[in-house]
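>>> here's my sequence, what's the structure:
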Amino acid sequence: MGRLGKKRVTLWLLATGVIVVLVLGVTRLQRAMLFPRDLVRPVPAVLRTPGLERWWIETSEGRVEAFFLPGDGVDADHPGPAVLFTHGNAELIDLWPEPLAPYRRMGVSLVLAEYPGYGRSEGTPSEASITETLRALHARILEEPSVDPTRLVHHGRSLGGGAIGTLLRDHPPRALVLESTFTSVPDVAAGMHVPRFLIVDRFETLDAIGAYDGPLLVFHGTRDSVIPVSHGRRLAAAHPSAELVIYDCGHNDLPPPGSDYWPRIERFLQDAGVITASRR
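Here you go, the predicted model:
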């Protein structure tokens, strides 16, 4: 190889190296923004919540935590419905046993999914690792004798809506609740003038909805400055019979005080055949 040829190879290798470094840098930056896991710390006191069971899900990333809290009147001899809840990107499962307690009072058991690398869990968060974790957790739920597998509900909030969307094609629930959720991460990025092609963890929620034909309830706030209400409207419009509920609130104050949030969820679960009208 001549001197000119060697120079071209050297330049090509240098350019390739620069591109790789840039891609890795963009990926790290994107994941730091999408998964700000260091912003919230575990709350040890939550582990003393009455009835709480800690599940450890084995994944290729290591052990990932989940909480199981049985619904009122539910046990192995009297199995009942369950809701798999996936939280927002700057939250932990530690924050949710109390706010979601109304589910338990309806006789619906709670399964709170943690993400790899969050809280006490091992691993690194990404779309792939979260998808793997949720699939393994779903399998664990089906093994739980106190859960009726025909009455499993999925409830995703913010990033959690995109996360739970990864289960819809292969494991469609009896009913689905999406709250303050995006159509996709690239759509959110585009609203911030970030090129779509740079997004690695895409969470294509809108596409996932297209593969789901069960009952869907969508909540969103008109003043949501994190994920604009247009995302919620598009998600609902993509489903033939979705119920869309819009509140005058932002991203982190949904549901607003005094709203009909829980009565709507209860009616939705009744209509979907998850709970009976007399069940409280």
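>>> wait, Val245 sits on Arg264?
Yes: applying C-beta atoms under 8 Å, one finds Val245 in contact with Arg264, separated by 6.0 Å. For the C-beta atoms, the positions are set from N, CA and C on the backbone; glycine is no exception.
>>> now the strands for the stretch 51-200 of the chain?
Remark: strands assigned in the stretch 51-200 of the chain by DSSP state E, counting those that start in this stretch are 53-59, 62-69, 80-86, 109-113, 147-157, 175-179.
>>> tabulate those in JSON lines, adding columns for mean neighbour count.
Formatted as JSON lines, the strands of the stretch 51-200 of the chain follow (neighbours: other C-beta atoms under 10 Å):
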{"stretch": "strand 53-59", "mean neighbour count": "16"}
{"stretch": "strand 62-69", "mean neighbour count": "21"}
{"stretch": "strand 80-86", "mean neighbour count": "26"}
{"stretch": "strand 109-113", "mean neighbour count": "26"}
{"stretch": "strand 147-157", "mean neighbour count": "22"}
{"stretch": "strand 175-179", "mean neighbour count": "26"}
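>>> hmm, back to that, overlap in contacts, Val245 and Arg264.
Leu217 (C-beta atoms under 8 Å, 6 or more residues apart in numbering).
>>> so between the two, which is more surrounded?
Val245 (19 against 16; other C-beta atoms under 10 Å).
>>> give me the beta-bridge partners of the closest residue to the more buried one other than its chain neighbours?
Distances taken as C-beta to C-beta, 6 or more residues apart in numbering place Phe219 nearest to Val245, at 5.1 Å, with adjacent residues excluded. The partner list for Phe219 in beta bridges (DSSP bridges) reads Glu179, Val245.
>>> now Phe219: how far from Glu179?
From Phe219 over to Glu179 the distance is 4 Å, taken as C-beta to C-beta, to the nearest Å.
>>> overlap of the contact sets of the two?
Listed as contacting both Phe219 and Glu179 by C-beta under 8 Å, 6+ apart are Leu254.
>>> which parts of the chain are helices?
Ranges of helices in the chain, per DSSP state H, are 3-34, 101-105, 127-143, 159-165, 185-191, 205-209, 229-237, 261-271.
>>> may I have the third one as CSV, with CA atoms only?
Think helix 127-143. Taking Å, rounded to 0.1, in the frame of the first residue of the first chain, the C-alpha atoms of helix 127-143 are listed here in CSV:
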residue,chain,number,x,y,z
GLU,A,127,-35.4,0.3,26.5
ALA,A,128,-34.0,-3.2,26.0
SER,A,129,-33.2,-3.8,29.7
ILE,A,130,-36.6,-2.4,30.8
THR,A,131,-38.4,-4.5,28.2
GLU,A,132,-36.6,-7.6,29.4
THR,A,133,-37.4,-6.8,33.1
LEU,A,134,-41.1,-6.3,32.4
ARG,A,135,-41.4,-9.5,30.4
ALA,A,136,-39.8,-11.4,33.3
LEU,A,137,-42.0,-9.7,35.8
HIS,A,138,-45.1,-10.5,33.8
ALA,A,139,-44.1,-14.1,33.9
ARG,A,140,-43.7,-13.9,37.6
ILE,A,141,-47.2,-12.3,38.0
LEU,A,142,-48.7,-15.2,36.2
GLU,A,143,-47.1,-17.6,38.7
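>>> residues making contact with that helix?
Contacts for helix 127-143 (C-beta under 8 Å, 6+ apart): 55, 57-61, 64, 66, 82, 84, 86, 111, 113-117, 123, 147, 149, 152, 163-164, 166-167, 170-171, 200-203.
>>> and if we set it to 7 Å?
Residues from elsewhere that reach helix 127-143 (C-beta atoms under 7 Å, 6 or more residues apart in numbering): 55, 57-61, 64, 66, 82, 84, 111, 113, 115-116, 123, 147, 149, 152, 163, 166-167, 171, 201-203.
>>> didn't Pro97 look like it was pressed against Val46?
Yes: using C-beta atoms under 7 Å, Pro97 is in contact with Val46, at 6.1 Å.
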